[in-house]
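Visitor: predicted model and sequence below, questions to follow.
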Protein chains: 2
Amino acid sequence: MNEIELIALLTQSLPMNNTVVTGAGDDCAVLDLGLPGQWLLFKTDAVVAEVHFDAGARPEQIGHKAMGRCLSDIAAMAGSPVAALVTLGLPPHFDPCWVAAIYAGMKSLAQRYNVAIVGGETTTSPDRTFISISMIGTVDKSKCVLRSGARAGDAILVSGTLGGSWAGKHLEFAPRVNEARWLADHFAIHAMLDVSDGLASDLRHILNASGVGAELLARDIPISPAASQTAHGPLSAHAPLNAALTDGEDFELLFTLAGADTVRLLDAWHPQFPSLPLTCIGKITAEPGLKLRDRDQVREVTEQGYVHFA
Amino acid sequence: MNEIELIALLTQSLPMNNTVVTGAGDDCAVLDLGLPGQWLLFKTDAVVAEVHFDAGARPEQIGHKAMGRCLSDIAAMAGSPVAALVTLGLPPHFDPCWVAAIYAGMKSLAQRYNVAIVGGETTTSPDRTFISISMIGTVDKSKCVLRSGARAGDAILVSGTLGGSWAGKHLEFAPRVNEARWLADHFAIHAMLDVSDGLASDLRHILNASGVGAELLARDIPISPAASQTAHGPLSAHAPLNAALTDGEDFELLFTLAGADTVRLLDAWHPQFPSLPLTCIGKITAEPGLKLRDRDQVREVTEQGYVHFA
């Protein structure tokens, strides 16, 4: 049983109450607690040693990644992060300096986004370290972006470049909190998420939630330098593109908006975020399925991206 | 380095912002997000295989315990739980039925307290299962009970009986959500927490936070049948009392209120919660320290309760 099948099993008939706007299945849960004009966002995310980081990772980077993943999910809803709790599972003979450096990485990133760290827990994890972070944030009701709003005719856009994140970016990425808020403040964003499983998988999440399909333009997908460098030569001509489609852990914003808004958005984006590319990579179609158009043909995308427990 | 020293190190200079009413150090973090008349409670708590439950525990009990621990912390602030996220770390070859049964235990308890389960995450934990739950709740600003409000002359009370929880109660306890809310609705509770580390340790948390001391009455401490049964005979005459002082995982309410209110409370409690004992076990003193009075003497309590990583 892979992760997707397991989640489908476990999320059947979860208990609900009248605060729930959106439960399991989006980047964050969305709750209406009676905050004037705002919803609460609620998210949790864990990193595990040797799964999400290896022995080469500096402890500050581990802390950065753990905090950054939650921030990226708050960003995916166009929200503002508020506070975080940290659960640290540690083997019995941990090095206090190493743990303090993990915390330094978390604190530094939290501070940059005005997120309070309001507690948490340390617990024994006999075999390996894990860090689970939970985060709350807020979002204007009128600006919250779900995965389910994509419409036929929308343009599909992505920030930054994709693929090859394991070469280093996955430990140092900047969560796109400010960019997402700016987007929702100035444009009618229809659907959005952060790319964590890989472009192909994550775009499918939007398509499935919205009941639509998509056609991507192969030559327009922004391939990262790391993905370009890892594969070249006659036998792997498509490898960098596959890396961009499936590697995951990019933590970039993937979103859709009305095709007619695209040029105005691209014009406004560049002066606002001059060092971060924004690329239109295709369009939403009424016909279901995910297709990739290159020079010669249109083909179905079979790449699933990273499936945990596969 | 034990858990208390580690937490002291890590919680130095945590990032804060203007939403924080109470950060690390109480049962829950307390946040002011602008909810009319209410604060938000925010809590996370993890259970790890072979640390918090062993191979004899039924999966429904494991789920019950994981959810119940968070509910007990919301109760300790006199709050109302609202929503939970579940992080499940699973070994690669898990049994889906076992996992579904853990979820059944969580769902059942959540439903009983009208808590929505709004998502979470499954992740690979190669060596052993862990479950980390985060929960939010709300509390009337005027009724929120911290650890820091105990005053000299207060009576100290505890619900239920203490000690021997590992014989079974730790997997099946009822979180005292309704009892705590009733207490805060009808009485001026000065300080409260839930007994998780053991009466001696947890009472010290109240004493340290409040800058006071306490004197406990040995003969009045309600010892659980499980604690009474585990130790008897001439060489261990005090063992059941020690178990009640130090075993932990009781998940009972420990609180203080003005001594003058005690009789009125005890009179009102019994018809309200006829099957749950409530016992006055001592008093708060201006002089610091934790003392135990028995027939012959008053002695300093040295028992620390369970110290993780000790």
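Guide: Right, received. Where do you want to start?
Visitor: can you show me the strands along the stretch 101-250 of chain A?
Guide: Here the stretch 101-250 of chain A has its strands, by DSSP state E, counting those that start in this stretch, at A:116-124, A:130-140, A:154-159, A:189-194, A:213-217.
Visitor: export those as TSV, with columns for mean pLDDT, mean neighbour count and distance to residue B:185.
Guide: (Glycine included, C-beta is placed from N, CA and C.) Converted to TSV, the strands of the stretch 101-250 of chain A look like this (pLDDT from 0 to 100; neighbours: other C-beta atoms under 10 Å in any protein chain shown; distance: least, C-beta to C-beta, whole Å):
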stretch	mean pLDDT	mean neighbour count	distance to residue B:185
strand A:116-124	91	24	26
strand A:130-140	97	26	26
strand A:154-159	98	24	50
strand A:189-194	98	25	42
strand A:213-217	97	20	54
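Visitor: residue A:31 is nearest to which of the ones you listed?
Guide: strand A:130-140 (9.2 Å; C-beta to C-beta).
Visitor: for chain B, what is the nearest residue in the stretch 151-300 of chain A?
Guide: Proximity of the stretch 151-300 of chain A to chain B (C-beta to the nearest C-beta) peaks at residue A:196, 10.9 Å away.
Visitor: check contacts around that residue.
Guide: Contact partners of residue A:196, counting by C-beta atoms under 8 Å, 6 or more residues apart in numbering or on different chains, are A:69, A:72, A:202, A:248, A:249, A:250, A:251.
Visitor: got the domain boundaries for chain A?
Guide: Split into domains by automatic domain parsing, chain A comes to A:3-140, A:154-300.
Visitor: out of the ones you listed, which is the most enclosed?
Guide: Highest mean neighbour count of the domains of chain A: domain A:3-140, a mean of 21 (counted as mean count of other C-beta atoms under 10 Å in any protein chain shown).
Visitor: returning to that earlier point: among the strands of the stretch 101-250 of chain A, which is nearest residue B:83?
Guide: Of those, nearest to residue B:83 by C-beta to C-beta is strand A:130-140, at 10.3 Å.
Visitor: tell me the pLDDT of residue A:51.
Guide: Looking at residue A:51, its pLDDT stands at 87.
Visitor: what sits closest to it if chain neighbours are left out?
Guide: Nearest residue to residue A:51, sequence neighbours excluded (C-beta to C-beta, 6 or more residues apart in numbering or on different chains): residue B:124, at 5.0 Å.
Visitor: I'd assumed residue B:92 was in contact with that neighbour.
Guide: Yes. Between residue B:124 and residue B:92 there is a contact under C-beta atoms under 8 Å: 6.4 Å.
Visitor: helices along the stretch 101-250 of chain A, start to end?
Guide: A:177-186, A:199-210, A:225-230, A:239-246 (DSSP state H, counting those that start in this stretch).
Visitor: who are the packing partners of the longest one?
Guide: Counting contacts by 3 or more C-beta pairs under 8 Å, 6 or more residues apart in numbering or on different chains; DSSP states H and E, the secondary-structure elements packed against helix A:199-210 are strand A:189-194, strand A:213-217, helix A:239-246, strand A:253-258, strand A:289-293.
Visitor: I'd like the ones you listed as JSON lines, with distance to chain B appended.
Guide: Below are the helices and strands packed on helix A:199-210 laid out as JSON lines (distance: least, C-beta to the nearest C-beta, whole Å):
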{"stretch": "strand A:189-194", "distance to chain B": "14"}
{"stretch": "strand A:213-217", "distance to chain B": "25"}
{"stretch": "helix A:239-246", "distance to chain B": "18"}
{"stretch": "strand A:253-258", "distance to chain B": "19"}
{"stretch": "strand A:289-293", "distance to chain B": "24"}
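Visitor: ok, which of these comes nearest residue B:301?
Guide: The minimum distance between residue B:301 and the helices and strands packed on helix A:199-210 falls on strand A:189-194, with 51.1 Å, by C-beta to C-beta.
Visitor: give the partner strands of that closest one in its sheet and their orientations.
Guide: strand A:253-258 (antiparallel) (DSSP bridges).
Visitor: now the angle from the strand it pairs with to helix A:199-210?
Guide: 50 degrees (axes from the mean of the first three to the mean of the last three C-alpha atoms, to 10 degrees).
Visitor: so what touches strand A:253-258?
Guide: A:75-76, A:145, A:149-151, A:153-159, A:176, A:179-180, A:183, A:187-195, A:199, A:202-203, A:206, A:265, A:284.
Visitor: chain center to it, what's the gap?
Guide: Mean C-alpha position of strand A:253-258 versus that of the full chain (C-alpha atoms, centre = their mean, to the nearest Å) differs by 13 Å.
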